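J.: need coordinates for the following:
(one chain, ligands or ions: 1)
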Amino acid sequence: MVKEAFKRVTSYINPTGIPGADFAVNPYVGCPHKCAYCYADFMKRFTNHHEPWGEFLDVKICDKPIDVKKYAGKSILIGTVTDPYNPFEERYEITRKILGQLKDSAASVSIVTKSDLVVRDIDLLKQFKDAQVVFSISSHDDKFRKIMEPRAPSIPRRMMALQELHAEGIPTAIFMAPMFPGITDFRHIIEMTRGYVGRYWFSSLNLRPGYVSKVLEIINASYPHLKKLYSDIFVKKNTLYWDGLDKEIERYCLENRVKDYDIYFNFG
Ligand code: SF4
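T.: Residues are numbered from 1 along each chain as shown. Okay, here's the model as predicted:
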């Protein structure tokens, strides 16, 4: 049961230091998708929430209209912390209201989500000069999704949404994030989606200290053959795996003419 509340804010849009973006939008505090590896629960500290992650949701309310002129030529990333299309968006339409204003800006807008609810807003997205929808996917295997992201939309639903967006002329991207060693098959994901996905972003699995034991427990139970690999990477902090994967991605993209991609590995 998710406990909902409303939170008044003075702006939906805030400056960000995220590479490639000038501003960030997060219409909600909290995320009912409740992925096992989610590190966004750091938000609890800043928002005075004591409920378990995934069990609360603050719906941001801002009455002040967005000054769209201010964002001309800027890049805006929607969903930098939590999913802007969590299931409550269907009822509250906060993300939709924000898009309804931003469509009149000359900003470059990217939406990061795991939810096919985004196809509801194709009518608005088609009115943007520069907008893309980025689906985050860790594995093409829905069994893995059920283990790590039990409340998030299935992988087939995400793929169908990407196809629909592409068919409607909306630029699409896949954010392979986080990449799970020995599980995320980047080649397979690219090969199955190249017909309807134009860009790929890659990000390593980064486990902050409080998450290592939780995620390793799940991996050890469901993928016991990966126990040693995960221990090397996340307990002994061996970075060779990521160095090798970085080179493999570069090589694969070169050989297969995947031109539009970015690797955001951060495991230092
Ligand atoms: S969808 Fe993203 S923000 Fe939501 S729980 Fe999963 S990882 Fe966290």
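J.: name the single longest helix found in this protein.
T.: Under DSSP state H, the helix in the chain containing the largest number of residues is helix 240-255.
J.: could I get the contacting residues of the residue nearest to His225 when sequence neighbours are not counted?
T.: Sequence neighbours aside, Gly182 is the residue nearest to His225 in space, at 7.9 Å (criterion: Cβ to Cβ, 6 or more residues apart in numbering). For glycine as for every other residue, the C-beta is placed from the backbone atoms N, C-alpha and C. Gly182 makes contact with 223, 225-226, 229, according to Cβ atoms under 8 Å, 6 or more residues apart in numbering.
J.: those residues: which two are farthest apart?
T.: Maximum pairwise distance among the contacts of Gly182 (Cβ to Cβ): 9.2 Å, between Tyr223 and Leu229.
J.: I'd guess Val59 is in a strand, am I close?
T.: Yes: assignment of Val59 by DSSP: H, G, I helix; E, B strand; the rest coil places it within a strand.
J.: so it touches Ile94, yeah?
T.: Yes: the criterion here is Cβ atoms under 8 Å, and Val59 meets it with Ile94 at 6.2 Å.
J.: sorry, back to before: now, which of the contacts of Gly182 sits nearest the ligand?
T.: Among these, Tyr223 lies closest to the ligand (Cβ to the nearest ligand atom), at 19.1 Å.
J.: roughly how far apart are the residue in the stretch 101-250 of the chain that the ligand sits nearest to and Trp53?
T.: For the stretch 101-250 of the chain and the ligand, the shortest gap (Cβ to the nearest ligand atom) falls at Lys114, measuring 4.9 Å. Here Lys114 is placed at a distance of 15 Å from Trp53 (Cβ to Cβ, to the nearest Å).
J.: looking at those two, which is more packed in?
T.: Legend: neighbour count by other Cβ atoms under 10 Å for Lys114 and Trp53, higher for Lys114 (28 against 19).
J.: per-residue pLDDT, the more buried one?
T.: Here, the pLDDT recorded for Lys114 equals 98.
J.: likewise for the one 5 residues further on?
T.: Taken from the predicted model, the pLDDT recorded for Val119 is 98.
J.: would you say it is within a helix?
T.: Yes: using three-state DSSP, the assignment for Val119 is a helix.
J.: give me the low-pLDDT residue ranges for the stretch 1-150 of the chain?
T.: In the predicted model, the stretch 1-150 of the chain carries no residue with pLDDT under 70.
J.: what does it have sitting close to the ligand?
T.: Within the stretch 1-150 of the chain, the positions adjacent to the ligand are 31, 33-35, 38, 40, 82-83, 114 by Cβ under 6 Å from any ligand atom.
J.: including secondary structure, could those residues go into JSON lines?
T.: Below are these laid out as JSON lines (three-state DSSP):
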{"residue": "Cys31", "secondary structure": "coil"}
{"residue": "His33", "secondary structure": "coil"}
{"residue": "Lys34", "secondary structure": "coil"}
{"residue": "Cys35", "secondary structure": "coil"}
{"residue": "Cys38", "secondary structure": "coil"}
{"residue": "Ala40", "secondary structure": "helix"}
{"residue": "Thr82", "secondary structure": "coil"}
{"residue": "Asp83", "secondary structure": "coil"}
{"residue": "Lys114", "secondary structure": "coil"}
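J.: need these in CSV with distance to Pro150, can you?
T.: Listed next are those as CSV, based on distance: Cβ to Cβ, whole Å:
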residue, distance to Pro150
Cys31, 13
His33, 9
Lys34, 7
Cys35, 8
Cys38, 12
Ala40, 16
Thr82, 16
Asp83, 14
Lys114, 12
